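J.: Structural data only, the sequence is not supplied:
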């Protein structure tokens, strides 16, 4: 069964950090482009970070709102992609999803065809 499972969300104070994990089962994550996307209450889903597939140079790309604070990375031995989030602020509060694309590299939600169930991140004092 093809599945993506996110974990690592929670409540954090402004300025804090979290690391989200996206574990894949039923397929090799390194064969796909992987993105982290988020959806805040009342807002549309938006991409925040993506990483290219392993047969390229694992390029990364970030939304301007998270550039310099978030880092996406792969651990192929664990079939997992991570999102390290630092200097979090209340505007980062959202449900975070990982997703895969077999064809496209980018942040647009429409590029992705397999999604996890999401993990909630709340940034609040």
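T.: Yep, it's here. This is a predicted model, so every value here is computed, not measured.

J.: since we're on residue 69, how many residues are nearby?
T.: 16 (other Cβ atoms under 10 Å). Just so you know, the C-beta spots here come from the backbone N, C-alpha and C atoms, and that holds for glycine as well.

J.: what are the phi and psi angles of it?
T.: phi -110, psi -30 (degrees, to the nearest 10).

J.: Run through the protein and note the low-pLDDT ranges.
T.: Along the chain, segments meeting pLDDT under 70 span 55-57.

J.: what about the strands in it?
T.: 3-7, 10-12, 18-25, 33-39, 46-51, 60-62, 70-75, 80-85, 94-101, 114-115, 119-123 (DSSP state E).

J.: roughly how far out does the shortest one sit from the chain middle?
T.: On the basis of Cα atoms, centre = their mean, to the nearest Å, the separation between the geometric centre of strand 114-115 and that of its chain is 11 Å.

J.: so what strands line up beside it?
T.: Sheet partners assigned to strand 114-115 using DSSP bridges are listed as strand 94-101 (antiparallel).
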